[in-house]
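what follows is a protein structure lacking sequence information:
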């Protein structure tokens, strides 16, 4: 297994990855800045990265340029996932449909979480949006994940697996039994939906690296399990604290992360070093 961090501008690095022989990935996961107009610091007060742009159009142009480069690095069965907030997501969705083809849009995942409420007269924003495109949804890598059955379903069907059929125009659920006359398969759960209730990282969480806007490993684990297989390659052009790379290594995937920030590269390499005692961690410098 390999996990490589490239310290460079991600657009330049992805152009290099596309050179002959090109590198290809089953999943490209982009977690860019969210157009907040802020500078972000580590827990120790060190400047990590700036999220300031001349205009919203300049921000979108930069993001979609990099999304196009990442999309071109996928294998035919691969996915690209762009992780943004709801103030940006609809703009990215429309521009992404133009770039990748509206027919190739696969899913909008809502990551719902709880955080300290803000003081303003509006509904509290407690979610991010993950937009996914493929090239051919029928051929795209996808592993069905499951979530627990509802209490009502368990009470009604005793946890036994169900299958549905259409009878006289109506959907009918029946118990799916094995060959034995009285045995039954327990359900693996309900197929995972596109709204994910998942905690953000508390300040004292053991995963915390001190890097700002760090995402939980659980979120990346779910994406990688669903959209890649063991031995596949994963690209993270905004790798930050290295969450994607750490999860990929743990799940048996190869990963390449890119970041132009010295703090991000330092934090991510320190996080990965215990996992990767052999070989070089860095694939380039700028």
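Happy to help now that I have it. Being a predicted model, the structure only gives us computed values, none of them experimental.

lowest-pLDDT helix or strand in the protein?
strand 282-284 (a mean of 53; mean pLDDT, DSSP states H and E).

contact partners for residue 236?
Residue 236 sits next to 28, 29, 30, 31, 244, 245, 255, 256, 257, 258 when contact means CB atoms under 8 Å, 6 or more residues apart in numbering. The way it works is simple: take the backbone N, C-alpha and C, and place the C-beta from them, glycine included.

redo that, cut-off 6 Å
Contacts for residue 236 were tallied using CB atoms under 6 Å, 6 or more residues apart in numbering; they are 29, 244, 257.

now residue 249: how far from residue 198?
Counting by CB to CB, to the nearest Å, the gap between residue 249 and residue 198 amounts to 21 Å.

flag the shaky bits of the stretch 51-200 of the chain, pLDDT-wise.
For the stretch 51-200 of the chain, the stretches with pLDDT under 70 are 157-185.

and the helices in it?
Secondary structure of the stretch 51-200 of the chain by DSSP state H, counting those that start in this stretch: the helices cover 56-72, 89-100, 151-157.

to residue 213, which of the ones you listed lies closest?
Smallest distance to residue 213 across these (CB to CB): 15.2 Å, for helix 56-72.

now the closest one and helix 89-100, what's the angle there?
Orientation check (axes from the mean of the first three to the mean of the last three CA atoms, to 10 degrees): helix 56-72 against helix 89-100 gives 50 degrees.

using TSV, lay out the helices of the stretch 51-200 of the chain together with distance to residue 22 and mean neighbour count.
TSV is the format used below for these (distance: least, CB to CB, whole Å; neighbours: other CB atoms under 10 Å):
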stretch	distance to residue 22	mean neighbour count
helix 56-72	9	18
helix 89-100	18	17
helix 151-157	47	12
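
now those helices as a markdown table including distance to residue 143?
As requested, the helices of the stretch 51-200 of the chain are exported to a markdown table (distance: least, CB to CB, whole Å):
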| stretch | distance to residue 143 |
| --- | --- |
| helix 56-72 | 21 |
| helix 89-100 | 22 |
| helix 151-157 | 22 |
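
of those, which is nearest residue 232?
For the helices of the stretch 51-200 of the chain, the distance to residue 232 is smallest for helix 56-72, at 15.2 Å, taking CB to CB.

partner residues bridging the residue nearest to residue 244 when sequence neighbours are not counted?
Among residues not flanking residue 244 along the chain, residue 236 sits closest, at 4.0 Å (CB to CB, 6 or more residues apart in numbering). Going by DSSP bridges, residue 236 is paired in beta bridges with residue 257.
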